[in-house]
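S.K.: could you look at this predicted model? Sequence included:
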Amino acid sequence: MILLTETKIITIIFLLSVFIFSCSKDDIIPEDKFTKIYIDILVAQDTLTDNSISNDSLKTLILQKYNVTDSIYTKTIEYYNYNPDKWENFFEGAIKQVQELKATKEQ
């Protein structure tokens, strides 16, 4: 039976955390591009009134438009979930862009 001391457990957790975060930072979508993708998905979902296309198909089409894979999109969501401050900044930027879009369409 292998006995792990508290120090070994902490070391293992630390190393795993470093590995997970180092991988995810390299594979996340830049915030400006992620904002555009997110807004496109929301707008498309709100605009389509019929059920001719599923939300998953819609997301797939938008991700293709931006040349992003579903796995990178998912990793980006996970990255933001681990960094709540990033979500706050993201949503502030997204709200600003949506307001700019609305102002442009009203002119």
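M.R.: Received it, and whenever you're ready, just let me know what you need.
S.K.: so for the most centrally placed residue in the chain, what's the pLDDT?
M.R.: Note on the chain: the residue nearest the mean C-alpha position is residue 77, at 3.1 Å, using C-alpha atoms, centre = their mean. Residue 77 carries a pLDDT value of 92.
S.K.: go ahead and report the secondary structure state at it.
M.R.: helix (DSSP: H, G, I helix; E, B strand; the rest coil).
S.K.: now do the longest helix seen in the chain, average pLDDT.
M.R.: The longest helix of the chain (DSSP state H) is helix 84-106. When pLDDT is averaged along helix 84-106, the result is 87.
S.K.: that one - contacts with which helices or strands?
M.R.: When contacts are defined as 3 or more C-beta pairs under 8 Å, 6 or more residues apart in numbering; DSSP states H and E, helix 84-106 packs onto helix 31-47, helix 70-82. Quick note: C-beta positions are derived from backbone N, CA and C, even for glycine.
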